[in-house]
Each structure stands twice: as structure tokens, then as C-alpha cells.
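Engineer: sequence and predicted structure below; questions after.
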Amino acid sequence: MSSALIPRALRGLIRGGGRILEGPARRVLRLDKRTLMSAAERRARYSDFGAPAVDEPLGRLLESLASEARLNLMGRVAAREDLTRMLVNRLMLERDRRLHPDIEREEIRRPLIIAGLPRSGSTLLYNLLAQDPANRVPLNWETMYPSPPPERRTHATDPRGEIADRQIRWFGRLQPEFRKIHPVAGRMPEECVVILSHAFFSFQFSSMYYVPSYQSWLERQDLRPAYEFHRRFLQHLQWRCGAERWVLKAPPHLPALDALFAVYPDARLILTHRDPLEVVASVASLHAVLRSAFSDAVEPTFVGPEVSAMLAGDIDRGMQALDRGCVPPGQLLNIWYTDLVRDPLATVRRIYAHFDLPLSAETEARMCRSPLEHAQEGNGRHEYSLRQFGLDTDTERRRYRAYCERFDLAAH
């Protein structure tokens, strides 16, 4: 979603047939590491990107974008602007940290983290938990424009919220199908993948672009440095605008549980589960919709098998981490999609009881009034099928059999 940040001056050009200019644009809009880093340094007037080092992950991503993603002009502009903005944010976060040493002393205690399969009700659950005033969630605008650090007294009226909304509305006009798949707004909770993207170790890039070599490299990496950066980002947001606990969410936390618990050993983990055969085509649809905004070479029957292989790999790595005991006893709760959508408040009560958290009648009432309580994943009807994405039901059932049996999904 952050790739909505297209320079205003270029929007008319793109809408007016900019594909004709793709040859010259390829030369002018270079996706070159040194060019992007230099541009970010000029914008931020700072030159220390902090840790982890950006050179290798950014270089891997740019190589994959250049050789595999088949970007159109929109994609080239979006990638260049989006990655430069992330680099600027990195510089400004580091500068803020130098100016305000107290940021480094912020403690992130016992965060409540939602992970599991995508499209398994996690967005619904996340937005319900965000209604509790004791819970702090990273908002979309905070992940897009984190510097200067947000302040409690102006948090609800910070103009960066409206700036983010304008960018999101423009992307909605460019790709209206996205709103049917995933709700998003400047002051809504945002997923951790956007934070991790600033470290350039993020599964978000594969949803927006076809970057298989980068994805393959990412799956082999120790992701602890990325989660160390994630912690630094939360310290920054918390410094002048904290709460009792963080509530965080990202399906790609599942294959990164080892790194997640190495950095947050006291985290409380909520794993959401849904029949993968109901998930995989929906995720493929999300990838196809996002990628089609930035490439004219998106083939659904190619996206489906790619996405299913990625999801199966995520599940395997997550289950292996659980089997190694990376999550301490008592710090994991499994939630099933069918239970959640049938009675969201009962699921919330179960979470609070399991982790011994207070849940007041007032907070329950706020959750019941939440406009997203009955919006399971997005706005409008989102239609998709396995066949549409080149997937065979029997093959997919065999692929996910072990996961379904482990969590007794037939009974849910």
C-alpha cells in the first residue's frame, strides 16, 4: 500500500499514456542503489542509515526488480519513490535517535502479536483489539511518516494522517479492486511488514512485485537484524506516545518466529488458522491486484502456484520453529477463523482471559461499536477461485494436509 506515494507531477503523465515513454523512463528512473541512497541523503540532509546495513538487502531487491519484475512506468516510478522514502525514513529515525537519546531507553514489554495465515481474520481481530485504549497499534501514517516522533497530545489530529489518507485515496482510484480485498486508511492500524520493509528484509515486496530471486534470498536469511530494527521503530513511536502494551500484526511473522522471539522473548503470540484452500486463492488475488498496478505482465495462472508455494513454505518454517520450542509455554494461543467470524467478541474474551489481561465493559462496548467488527477483510465483494489462479483442489489439499491435521481444521 505504501507504493501509493507517486510524485504528483508524474500522475497526469502516467494516466495520459506514459507507457509509451517506458524506454526513456528506464534510463531516467534508474533503480540504482547508489542513486537512491544519494537522493535520500539529500532529502534528509543526513547520511547515517543505522543498523542493519542497507547495502545487501536493498541491492538484492533492486537487482530482482530490474531483472524480473517487468515494471511498467507506474511500477518504476512507484518503486523508486517508495524505496527512496523508506531510505529517508531510515535516515530521519537515526537522526532523531541521536538528537533524543531517551528513545533508546524505551522498553517494549510483552507485546501482543497476531500472526498466522493471511486472509484468516487477522485484520478483523487486529482492528477489534485496537479499540482497547490500553493497546497501542502502529497506524498507517506513522509507518509512512514516522519522523518526528508522534506525540500523545496531537496524535489524533496529526496532519500526517490526512496526508496518508490522500495517498491511499489516490491508490484506490488507480486500483479500486484493492479496497475489496483489504481495508486501509491513514489512521487505521498498519501491519509490521511495512516497518520491516524499512530494513529491506520484508515479504511485502513479493506481494507488490514479482521478485522471486529476492524472495528466495530472503527466505534463507537470519531475520533477527530486521526485528532488531522493528524494535527500534517501535521505541521511536512509543517515546512520546505510549500505552500499556503494543498490539502488532503480520502474517509473515509466522515463518520468522525464531527471530521474532529472539528480539521479543516475552511476546504473547496469537496464531490465526483457516483452511488453506480458502486462503490461497484469496492471497493470489491480492498479489495479482497489487502487481497489476505496477506491471503489465501479470498472469493469474502463474501467480497462483507461486503464492501457494510461498504459503506452504511459510507454514513449514513456522511449524518447525514451534516444534523447536521457540515460543515459551503459555505465550501462544491458537484462534480459528470460523470461531472468530461467528462471535468476534467471544474470541476477544478468550484472548484476554488466556493472557490474563483486563477487559472492561466499556472496552467491550467500544469493540461492538467498531465499524470493522463485521467487515471481515475488506469492502465490497471479493470473488476468486482456485481454478482462476491455475490451482488444482486435490493438489492443494495434499500440499496442506499436515497443517490441516495438526490444527484440526476439518472440525473448524
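Structural biologist: Thanks, I have the structure now.
Engineer: doesn't Pro149 belong to a strand?
Structural biologist: No - Pro149 is assigned coil when assessed by DSSP: H, G, I helix; E, B strand; the rest coil, not a strand.
Engineer: wait, what's in contact with it?
Structural biologist: Residues in contact with Pro149 (Cβ atoms under 8 Å, 6 or more residues apart in numbering) are Asp96, His100, Ile103, His236, Leu237, Trp239, Arg240, Cys241. C-beta: built from backbone N, CA, C; applies to glycine.
Engineer: report pLDDT for it.
Structural biologist: Listed pLDDT for Pro149 reads 98.
Engineer: and the nearest residue to Leu129 once chain neighbours are set aside, helix, strand or coil?
Structural biologist: Nearest non-adjacent residue to Leu129, counting by Cβ to Cβ, 6 or more residues apart in numbering: Val247, 4.8 Å away. Val247 falls in the strand class when you classify it by three-state DSSP.
Engineer: top helix in the chain by residue count?
Structural biologist: Longest helix in the chain, counting residues (DSSP state H): helix 73-99.
Engineer: give the next helix or strand downstream of that one.
Structural biologist: strand 112-116 (DSSP states H and E).
Engineer: which residues are contacting that next one?
Structural biologist: Strand 112-116 has contacts (Cβ under 8 Å, 6+ apart) with 122, 125-126, 129, 135, 245-254, 257, 260, 264, 267-273, 318, 335, 351, 355.
Engineer: quick one on the thing from earlier: check which helices and strands the longest helix of the chain sits against.
Structural biologist: When contacts are defined as 3 or more Cβ pairs under 8 Å, 6 or more residues apart in numbering; DSSP states H and E, helix 73-99 sits against helix 8-15, helix 22-28, helix 33-44, helix 55-67, helix 224-238.
Engineer: mind running it again at 7 Å?
Structural biologist: Secondary-structure packing of helix 73-99 (3 or more Cβ pairs under 7 Å, 6 or more residues apart in numbering; DSSP states H and E): helix 8-15, helix 22-28, helix 33-44, helix 224-238.
Engineer: show the contacting residues for Thr143.
Structural biologist: Shown in contact with Thr143 (Cβ atoms under 7 Å, 6 or more residues apart in numbering): Glu190, Val194, Ile195.
Engineer: possible to save the residues you listed as CSV with neighbour count?
Structural biologist: Listed next are those as CSV, based on neighbours: other Cβ atoms under 10 Å:
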residue, neighbour count
Glu190, 26
Val194, 20
Ile195, 27
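Engineer: against Arg80, how distant is Ser67?
Structural biologist: 16 Å (Cβ to Cβ, to the nearest Å).
Engineer: whoops, Gln331 was the one
Structural biologist: Taking Cβ to Cβ as the measure, Gln331 falls 41 Å from Arg80.
Engineer: ok, Ser67 and Arg80, which is more surrounded?
Structural biologist: Arg80 (24 against 10; other Cβ atoms under 10 Å).
Engineer: coming back round to it: mind listing what's buried in the longest helix of the chain?
Structural biologist: Within helix 73-99, the residues that count as buried by 16 or more other Cβ atoms under 10 Å are 73-97.
Engineer: what's the angle from it to helix 224-238?
Structural biologist: Calculated by axes from the mean of the first three to the mean of the last three Cα atoms, to 10 degrees, helix 73-99 forms an angle of 70 degrees with helix 224-238.
Engineer: for helix 73-99, give the mean pLDDT please.
Structural biologist: Averaging pLDDT along helix 73-99 yields 96.
Engineer: what angle do that helix and helix 33-44 make?
Structural biologist: Going by the same axes, to 10 degrees, helix 73-99 makes 60 degrees with helix 33-44.
Engineer: gap between the closest residue to Ala164 other than its chain neighbours and Pro212?
Structural biologist: Distances taken as Cβ to Cβ, 6+ apart put Gly186 closest to Ala164, at 3.3 Å, once the chain neighbours are dropped. Taking Cβ to Cβ as the measure, Gly186 and Pro212 are separated by 32 Å.
Engineer: with Met367 instead?
Structural biologist: When Met367 is compared with Pro212 (using Cβ to Cβ), they lie 40 Å apart.
Engineer: who's more crowded, the two?
Structural biologist: Legend: neighbour count by other Cβ under 10 Å for Met367 and Pro212, higher for Met367 (21 against 14).
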